[in-house]
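Visitor: can't give you the sequence, but here's the structure:
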């Protein structure tokens with residue numbers, strides 16, 4: 001049975017201050033944590049044997065996955081006392097992954113719907129070391145180019161000179177042969193692209209295939225990217241292109257958890273579990289256990305777990321979370337009545 005490894009050990013630094021107290025893979029997008037989207041896509045593909053590497057706030061990730069998925073999947077956790085990098089993280093679970101012909105490796109903090117069967121077939125067709133999902137980059141986006149020619153990757157990063165190769169963007173999923181363990185550096189920390197893939201391509205010792213897929217894909221690196229991703233994914237759910245999470249329902253152009261109470265005005269917004277909304281929301285994402293009073297008007301905002309907004313308040317382009325001792329003093333953070341507000 002094929003296994004998959006989900007990478008979930010990072011700090012999520014670009015999504016601070018939220019990620020000081022919530023691991024980024026548990027940040028909800030359209031009422032489902034980011035890592036939940038990764039798990040669901042694997043389950044749909046018939047992959048139920050999962051390994052998740054964890055480090056930052058590991059107990060929260062483990063607790064969520066055990067509570068929501070143990071009845072549907074076999075999940076093992078690899079706790080990294082120090083972050084090991086992609087190569088080091090894979091090397092640490094060699095005993096679980098090496099016996100199979102190949103395995104899948106996916107990011108736990110992006111939302112994507114990879115063509116896993118096509119990816120596996122591309123790797124196996126020529127016994128390539130790996131096959132990666134690539135996509136055409138969004139206009140004016142900054143990215144590390146992955147050069148593709150005749151279905152195979154020729155290099156990563158700087159252009160290959162005189163070539164017909166096309167520069168594309170890596171979208172975060174691999175199908176990898178168990179041969180990888182012959183090549184991973186014998187050390188704790190390592191990267192997989194710069195220390196394995198690229199050197200082997202340079203030496204022409206292995207091939208790396210690719211599948212180009214321009215379907216829905218979201219890199220939730222920053223609050224700004226989160227807001228853009230939420231709008232696009234919400235629209236897809238409202239159209240019926242993507243099924244909503246089981247506990248949520250579509251209401252007009254918005255998505256509302258069934259346990260919430262949303263009596264205010266909702267325009268293209270999401271309401272999480274057990275939240276109560278009486279105010280006016282436009283293009284706003286309210287997470288779980290929040291209370292938004294009737295005199296609140298929020299536009300293009302992210303309201304993190306447990307936030308209470310009472311009295312007259314208007315916010316635009318802001319991230320709001322509960323204050324916590326783990327959140328340091330920072331001139332970018334506005335502190336107000338037990339809350340931290342960051343303009344995005």
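Guide: Sure thing, it's come through. None of these values were measured; they are calculated from a predicted model. Numbering: from 1, shown residues only.
Visitor: partners of residue 153 in the sheet?
Guide: residue 148 (DSSP bridges).
Visitor: Now do the same contact list for it.
Guide: The contact partners of residue 153, taken as C-beta atoms under 8 Å, 6 or more residues apart in numbering, are 132, 134, 146-147, 197, 201, 208-210. Quick note: C-beta positions are derived from backbone N, CA and C, even for glycine.
Visitor: Among those, which are located in helices?
Guide: residue 201 (DSSP state H).
Visitor: out of the contacts of residue 153, who has the most neighbours?
Guide: Each of the contacts of residue 153 was scored for neighbours by other C-beta atoms under 10 Å, and residue 132 scores highest at 29 neighbours.
Visitor: okay, it: pLDDT?
Guide: Note for residue 132: predicted pLDDT of 97.
Visitor: any idea how the protein splits into domains?
Guide: 3-219, 241-343 (automatic domain parsing).
Visitor: So residue 317 belongs to a strand, correct?
Guide: Yes: read with DSSP: H, G, I helix; E, B strand; the rest coil, residue 317 is one of the residues of a strand.
Visitor: if you skip the residues just before and after it, what's nearest to it?
Guide: The spatially closest residue to residue 317, leaving aside those adjacent along the chain, is residue 300, at 5.0 Å (C-beta to C-beta, 6 or more residues apart in numbering).
Visitor: which residues touch the one you found?
Guide: By C-beta under 8 Å, 6+ apart, the residues touching residue 300 are 227, 282-284, 316-318, 344.
Visitor: Return the two entries of those residues that lie farthest from one another.
Guide: Comparing all pairs in the contacts of residue 300 by C-beta to C-beta, the longest separation belongs to 282 and 344, at 14.9 Å.
Visitor: among the domains of the chain, which is nearest residue 231?
Guide: When these are compared by C-beta to C-beta, domain 241-343 sits nearest residue 231, at 6.4 Å.
Visitor: From the opening residue of that closest one to its closing one, how far?
Guide: 32 Å (C-alpha to C-alpha, to the nearest Å).
Visitor: Output the lowest mean pLDDT helix or strand found in this structure.
Guide: strand 217-219 (a mean of 89; mean pLDDT, DSSP states H and E).
Visitor: which other helices and strands contact that one?
Guide: strand 110-112, strand 166-177, helix 223-239 (3 or more C-beta pairs under 8 Å, 6 or more residues apart in numbering; DSSP states H and E).
Visitor: What residues of the longest one count as buried?
Guide: Put plainly, it is helix 223-239. 223, 226-227, 229-231, 233-234, 237-238 (16 or more other C-beta atoms under 10 Å).
Visitor: Kindly report the same for stretch 334-344.
Guide: Neighbour count says stretch 334-344 has 339-342, 344 buried, by 16+ other C-beta under 10 Å.
Visitor: Mind listing residues that contact it?
Guide: 17, 222-224, 227, 300, 302, 307, 309, 315, 317-323, 327, 332-333.
Visitor: So the residue nearest to residue 317: helix, strand or coil?
Guide: Secondary structure of residue 300, per three-state DSSP, is strand.
Visitor: ok, residue 128 - contacts?
Guide: Contact analysis of residue 128 by C-beta under 8 Å, 6+ apart lists 122, 152, 177, 206-209.
Visitor: And it, which helix or strand is it part of?
Guide: Assigned by DSSP states H and E, residue 128 falls within no helix or strand.
Visitor: Retrieve the pLDDT associated with it.
Guide: Residue 128 is assigned 97 on the pLDDT scale.
Visitor: what about this structure, any weak spots by pLDDT?
Guide: 159-164 (pLDDT under 70).
Visitor: same thing but 80
Guide: 138-143, 158-165 (pLDDT under 80).
Visitor: Between the helices and strands packed on strand 217-219, which one is closest to residue 191.
Guide: If we rank the helices and strands packed on strand 217-219 by C-beta to C-beta, the stretch that ends up nearest is strand 166-177, at 12.8 Å.
Visitor: buried set for the closest one?
Guide: The neighbour-count check on strand 166-177 (16+ other C-beta under 10 Å) flags 167-177 as buried.
Visitor: From residue 286, how far off is residue 273?
Guide: 10 Å (C-beta to C-beta, to the nearest Å).
Visitor: the more surrounded of the two?
Guide: residue 286 (33 against 18).
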